[in-house]
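Participant: sequence unavailable; structure follows:
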């Protein structure tokens, strides 16, 4: 029964492109319209059929990670392009729609992130070995979407451009106090203190990130200007001229959106400006991939703009600018993948071969979702007053020109 249902599912979903499927018993089937480069997938166990039918995304990720599903040439990029383009066009088969509806309805419960749970979720991903992230991140350890002001930028140049693009939107001036919510390994805070003269408080729940960020501030001679704290953003009680948050809102959890923006409201000075940089969904609200939620980002969720704005407007903040960065994260992830694969033997020594397959699957799944799915990055600028920022975007274009000159130096 499960084999028949699986075949029906693949026939229903894969209409474009070419999928060559090798069954566990050696039977070979072809799906799609025969166009494009064929993607050949081999299933190594009959037990996969039930899992693939009942929870497709989770079973695909686990099957690849465990080596029960293989792709000729390890063509993960081709596989995800085929899968995402077809699933986006067709939607889920009718028999899977109740399960999807259930995940959608239960997402608030799964994303309930009080401080203790948030700390555990952060540790799952961000307290992995620092040596792992050194394998594929830029020199400044920026683990978020870069900004490709020029298409030929290197990863390091584009991450530097991202930080200055954000600083331009914050209208930073020397001496301003800045709160960095989710400060990571400290790169944004270091840039704002070193290049713009700000005084920065950065908060993180990751012990590994806090340790490294503090050491970096000390090594850069900026310990007097930067205070990195191992604490929840909800426990900060000072007021700041500027607030920045890069790549952290995805971990807040849908039930806490108003709490998050209420904190921004309360911590931001009357004439202050905030900039929230987050992965976003250019589609109606949905749910987190079961595989991503289980293995990569527990408690994580990519918001639709309607969900963000719905929370912002209830907390008495003006939305003074919104920018959609479309393919920038796809380009970032492709560079991370290439760098990771180039040093995969080192990654295997840190962890094992299974971990390497999991990490490759994660990077490619995310890249292809940004390329062919409905994900992008939102940069949302907020203020208490409408006149807190200039009335036109000219200042941003001037700041970007400075970014280009900085990158060329």
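Facilitator: That came through fine. In this text the structure is predicted, and so the values were computed from the model without any measurement. Numbering: from 1, shown residues only.

Participant: all contacts plus neighbour counts: C-alpha atoms, from now on.
Facilitator: Noted.

Participant: could you pull up the residues touching residue 396?
Facilitator: Residue 396 sits next to 165, 168, 169 when contact means C-alpha atoms under 8 Å, 6 or more residues apart in numbering.

Participant: and the pLDDT for it?
Facilitator: Residue 396 carries a pLDDT score of 83 in this model.

Participant: now it: how far from residue 165?
Facilitator: Using C-alpha to C-alpha, to the nearest Å, we find residue 396 at a distance of 8 Å from residue 165.

Participant: again, but for residue 2
Facilitator: From residue 2 to residue 165 the distance is 51 Å (C-alpha to C-alpha).

Participant: residue 128 now?
Facilitator: Counting by C-alpha to C-alpha - residue 128 and residue 165 are separated by 29 Å.

Participant: compare the two and say which is more crowded by neighbours.
Facilitator: residue 165 (20 against 15; other C-alpha atoms under 10 Å).

Participant: in terms of pLDDT, where does that one sit?
Facilitator: Predicted confidence (pLDDT) for residue 165: 94.

Participant: can you tell me the element it falls in?
Facilitator: Assessed by DSSP states H and E, residue 165 sits inside helix 155-170.

Participant: tell me how many other residues surround the nearest residue to residue 209 once chain neighbours are set aside.
Facilitator: Distances taken as C-alpha to C-alpha, 6 or more residues apart in numbering place residue 185 nearest to residue 209, at 4.8 Å, with adjacent residues excluded. With neighbours defined by other C-alpha under 10 Å, the count for residue 185 comes to 27.

Participant: surely residue 185 is within a strand?
Facilitator: No: read with DSSP: H, G, I helix; E, B strand; the rest coil, residue 185 is coil and lies in no strand.

Participant: can you pull the phi/psi pair for it?
Facilitator: When read as degrees, to the nearest 10, the backbone of residue 185 gives phi -90, psi 10.

Participant: could you do residue 239 as well?
Facilitator: Torsion angles, degrees, to the nearest 10, at residue 239: phi -110, psi 140.

Participant: same check, this time on residue 47
Facilitator: Torsion angles, degrees, to the nearest 10, at residue 47: phi -70, psi -10.

Participant: got the contact list for residue 233?
Facilitator: So residue 233 contacts 181, 182, 203, 204, 263 (C-alpha under 8 Å, 6+ apart).

Participant: ok, now with 7 Å
Facilitator: Residue 233 sits next to 181, 203 when contact means C-alpha atoms under 7 Å, 6 or more residues apart in numbering.

Participant: how close does it sit to residue 150?
Facilitator: In terms of C-alpha to C-alpha, residue 233 sits 34 Å off from residue 150.

Participant: same question, residue 295
Facilitator: 34 Å.

Participant: looking at those two, which is more packed in?
Facilitator: The residue with more neighbours, out of residue 295 and residue 150, is residue 295; 16 against 12, by other C-alpha under 10 Å.

Participant: now do the SS call for residue 137.
Facilitator: Assignment for residue 137 (three-state DSSP): coil.

Participant: wait, it touches residue 336, no?
Facilitator: Yes: Residue 137 is within contact range of residue 336, at 6.4 Å (criterion: C-alpha atoms under 7 Å).

Participant: and the strands in the stretch 1-150 of the chain?
Facilitator: 18-22, 28-32, 39-43, 69-71 (DSSP state E, counting those that start in this stretch).

Participant: with mean neighbour count added, can I get those in CSV?
Facilitator: Rendered in CSV, the data for these read as follows (neighbours: other C-alpha atoms under 10 Å):
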stretch, mean neighbour count
strand 18-22, 20
strand 28-32, 16
strand 39-43, 20
strand 69-71, 19
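
Participant: and residue 87, which of the ones you listed is closest to it?
Facilitator: Among those, the nearest to residue 87 by C-alpha to C-alpha is strand 28-32 (12.4 Å).

Participant: just checking, what packs against that closest one?
Facilitator: strand 18-22 (3 or more C-alpha pairs under 7 Å, 6 or more residues apart in numbering; DSSP states H and E).

Participant: repeat that with 8 Å
Facilitator: Helices and strands touching strand 28-32, by 3 or more C-alpha pairs under 8 Å, 6 or more residues apart in numbering; DSSP states H and E, are helix 2-13, strand 18-22.

Participant: rank the ones you listed by pLDDT, which is bottom?
Facilitator: Of all these, helix 2-13 has the smallest average pLDDT, which comes to a mean of 92.

Participant: got the angle between that helix and strand 18-22?
Facilitator: On the basis of axes from the mean of the first three to the mean of the last three C-alpha atoms, to 10 degrees, helix 2-13 is oriented at 170 degrees to strand 18-22.

Participant: looking at this protein, which helix is longest?
Facilitator: helix 353-372 (DSSP state H).

Participant: show me which strand runs longest in this structure.
Facilitator: strand 268-281 (DSSP state E).

Participant: gap between the helix or strand following it and the chain center?
Facilitator: The helix or strand immediately downstream of strand 268-281 is helix 290-291, counting by DSSP H and E. Counting by C-alpha atoms, centre = their mean, to the nearest Å, helix 290-291 is centred 15 Å from the centre of its parent chain.

Participant: now swap in stretch 247-262 and tell me
Facilitator: Worked out by C-alpha atoms, centre = their mean, stretch 247-262 lies 14 Å from the chain centre.

Participant: tell me the buried residues in that stretch?
Facilitator: 247-258, 260-262 (16 or more other C-alpha atoms under 10 Å).

Participant: for those residues, which one is nearest residue 31?
Facilitator: Out of those, the member with the shortest distance to residue 31 (by C-alpha to C-alpha) is residue 250, at 35.7 Å.

Participant: my read is the closest one is in a helix, agree?
Facilitator: Yes: membership of residue 250 in a helix is supported by three-state DSSP.

Participant: surely it touches residue 279?
Facilitator: Yes: using C-alpha atoms under 8 Å, residue 250 is in contact with residue 279, at 6.7 Å.

Participant: need the overlap of contacts for these two.
Facilitator: Counting by C-alpha under 8 Å, 6+ apart, the residues touching both residue 250 and residue 279 are 302, 303.

Participant: contacts for stretch 301-317 next, please.
Facilitator: 111, 250-254, 257-258, 261-262, 265, 279-285, 287-288, 319, 382-385.
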